[in-house]
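Chemist: Coordinates for the following, if possible.
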Amino acid sequence: LVKDIPSNNGGIRMLAPPAPNDDRRVEFVALAAVHTERSEPSTPERGHPSHRTGLLGTPLPVPPGPRATPSASSKSYRKLQNCLYNVLERPRGWAFIYHAFIFLLVFSCLVLSVFSTLPDHHTFANEGLFILEFMMIVVFGLEYFVRIWAAGCCCRYRGWQGRLRFARKPFCIIDFIVFVASLAVIAAGTQGNIFATSALRSMRFLQILRMVRMDRRGGTWKLLGSVVYAHSKELITAWYIGFLVLIFASFLVYLAEKEDNQEFSTYADSLWWGTITLTTIGYGDKTPRTWQGRLLAACFALLGVSFFALPAGILGSGSMTVCCRPSGKYDL
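Modeler: Numbering: from 1, shown residues only. Predicted structure coming up:
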């Protein structure tokens with residue numbers, strides 16, 4: 001007779017071997033239930049997806065239905081947002097016309113700010129500067145809010161948290177500071193006391209930060225940083241040797257001149273003379289008078305000028321090397 005042998009292997013059972021005189025064969029049945037009935041597949045109801053399962057019994061993902069196509073107004077909204085973001089943050093082609101206009105406004109404001117400090121042109125410069133300031137408040141105010149709104153085309157700047165993240169960028173902070181400074185100057189000017197205090201004068205020249213915002217992509221700083229990083233060892237060597245020459249030359253000239261020359265009465269005076277001499281500026285306010293001081297000054301000038309001028313050559317050759325790379329990328 002055939003008997004079932006209980007098993008703990010997940011429902012697998014097998015038949016016991018037959019008796020010696022039994023002609024029936026041994027069979028192995030795996031993964032079979034004692035009583036199984038194949039049921040007909042149920043037809044899913046209309047409107048409900050069928051629950052399909054894989055080989056291991058896990059449900060298969062339901063294929064997504066057709067996506068809702070965006071409306072024409074939504075497409076126009078996104079297109080306008082992308083266009084304004086590219087014009088303000090990634091200018092190409094005709095977008096440079098707007099940035100050239102902004103540069104002319106900023107440069108004109110800077111020139112008039114300089115003329116406003118001259119007594120002969122004080123009145124004319126202040127009147128023109130007031131008009132330019134009012135124009136720049138309108139232009140920069142609109143640009144600031146449009147820039148924050150258009151940043152929503154980028155995934156990381158969507159929502160109010162993304163807009164706040166965009167507003168914390170350094171150039172946006174500079175724009176906000178300059179905008180507030182312009183408002184303060186205009187508010188004081190409408191009351192008839194423009195440039196009335198030193199604080200307002202300082203706030204006027206704080207608008208020089210507008211020149212920094214012209215390079216919003218930071219290409220200039222990336223190029224300079226790449227050159228300094230690539231030639232850091234050469235620059236450190238040149239600056240270190242130049243600094244040693246400066247302190248030794250200043251000290252020796254101070255020892256030679258302090259008794260007979262009142263211009264070198266302190267080591268600080270000698271350091272000032274050494275800095276002006278080795279950088280080839282030469283104001284002429286302090287000069288050695290003894291033959292020992294002049295001999296030391298001549299020797300250290302020939303030695304020190306070469307090391308003080310060396311970083312300029314290193315930066316120049318490094319800039320040419322970086323700009324002539326085929327990839328056009330900066331290594332930072």
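Chemist: any idea where the helices of the stretch 51-200 of the chain begin and end?
Modeler: Per DSSP state H, counting those that start in this stretch, the stretch 51-200 of the chain has helices spanning 72-89, 95-115, 122-150, 159-167, 170-190, 198-205. These are given in chain order.
Chemist: Tabulate these (TSV), appending mean pLDDT and mean neighbour count.
Modeler: No exception for glycine: its C-beta is placed from N, CA and C like everyone else's. Putting the helices of the stretch 51-200 of the chain into TSV (pLDDT from 0 to 100; neighbours: other C-beta atoms under 10 Å) gives the following:
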stretch	mean pLDDT	mean neighbour count
helix 72-89	83	14
helix 95-115	85	15
helix 122-150	86	16
helix 159-167	87	14
helix 170-190	78	16
helix 198-205	61	14
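Chemist: mind listing what residue 166 touches?
Modeler: Residue 166 makes contacts with 148, 151, 157, 172, as judged by C-beta atoms under 8 Å, 6 or more residues apart in numbering.
Chemist: Make TSV from the helices of the stretch 51-200 of the chain and add distance to residue 211 to it.
Modeler: Putting these into TSV (distance: least, C-beta to C-beta, whole Å) gives the following:
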stretch	distance to residue 211
helix 72-89	17
helix 95-115	6
helix 122-150	13
helix 159-167	21
helix 170-190	10
helix 198-205	11
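Chemist: Convert the C-alpha atoms of stretch 236-255 to PDB, please.
Modeler: Backbone C-alpha positions of stretch 236-255 (Å, rounded to 0.1, in the frame of the first residue of the first chain) are rendered in PDB as follows:
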ATOM      1  CA  ILE A 236      53.700  80.100  -2.700                       C
ATOM      2  CA  THR A 237      57.400  79.700  -3.400                       C
ATOM      3  CA  ALA A 238      57.600  83.200  -5.100                       C
ATOM      4  CA  TRP A 239      55.600  84.900  -2.300                       C
ATOM      5  CA  TYR A 240      57.600  83.200   0.400                       C
ATOM      6  CA  ILE A 241      61.000  84.200  -0.900                       C
ATOM      7  CA  GLY A 242      59.800  87.700  -1.700                       C
ATOM      8  CA  PHE A 243      58.500  88.000   1.900                       C
ATOM      9  CA  LEU A 244      61.800  86.900   3.300                       C
ATOM     10  CA  VAL A 245      63.700  89.400   1.100                       C
ATOM     11  CA  LEU A 246      61.300  92.200   2.300                       C
ATOM     12  CA  ILE A 247      61.700  91.600   6.000                       C
ATOM     13  CA  PHE A 248      65.500  91.200   5.800                       C
ATOM     14  CA  ALA A 249      66.000  94.200   3.600                       C
ATOM     15  CA  SER A 250      63.800  96.400   5.700                       C
ATOM     16  CA  PHE A 251      65.600  95.300   8.900                       C
ATOM     17  CA  LEU A 252      69.100  95.800   7.600                       C
ATOM     18  CA  VAL A 253      68.300  99.200   6.100                       C
ATOM     19  CA  TYR A 254      66.600 100.200   9.400                       C
ATOM     20  CA  LEU A 255      69.900  99.300  11.200                       C
END
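Chemist: For that stretch, what does the pLDDT average out to?
Modeler: Mean pLDDT, computed over stretch 236-255, is 91.
Chemist: That one: which residues count as buried?
Modeler: The neighbour-count check on stretch 236-255 (16 or more other C-beta atoms under 10 Å) flags 238, 241-242, 245-246, 249-250, 252-254 as buried.
Chemist: Stretch 220-236 now?
Modeler: For stretch 220-236, the neighbour count (16+ other C-beta under 10 Å) marks 222-224, 226-227, 230-231, 234-235 as buried.
Chemist: Just flag the most distant two among the residues you listed.
Modeler: Greatest spacing in these, by C-beta to C-beta: 222 and 234 (19.9 Å).
Chemist: Mark out where each domain of the chain begins and ends.
Modeler: Residue ranges of the domains in the chain are recorded as 1-35, 76-217, 223-323, according to automatic domain parsing.
Chemist: State the mean pLDDT of the shortest one.
Modeler: Across domain 1-35, the average pLDDT comes to 48.
Chemist: and residue 224, how far is that from residue 238?
Modeler: To residue 238, residue 224 is 17 Å away according to C-beta to C-beta, to the nearest Å.
Chemist: I meant residue 182, not that one.
Modeler: Distance, residue 182 to residue 238, using C-beta to C-beta: 42 Å.
Chemist: Dihedrals phi and psi, residue 286?
Modeler: When quoted as degrees, to the nearest 10, the phi and psi of residue 286 stand at phi -130, psi 130.
Chemist: Report the contact partners of residue 148.
Modeler: Contacts here follow C-beta under 8 Å, 6+ apart; on that basis residue 148 touches 163, 166-167, 172.
Chemist: again, only this time at 7 Å
Modeler: Taking C-beta atoms under 7 Å, 6 or more residues apart in numbering as the contact definition, residue 148 lies against 163, 166-167.
Chemist: Having no further points to raise, I will conclude here.
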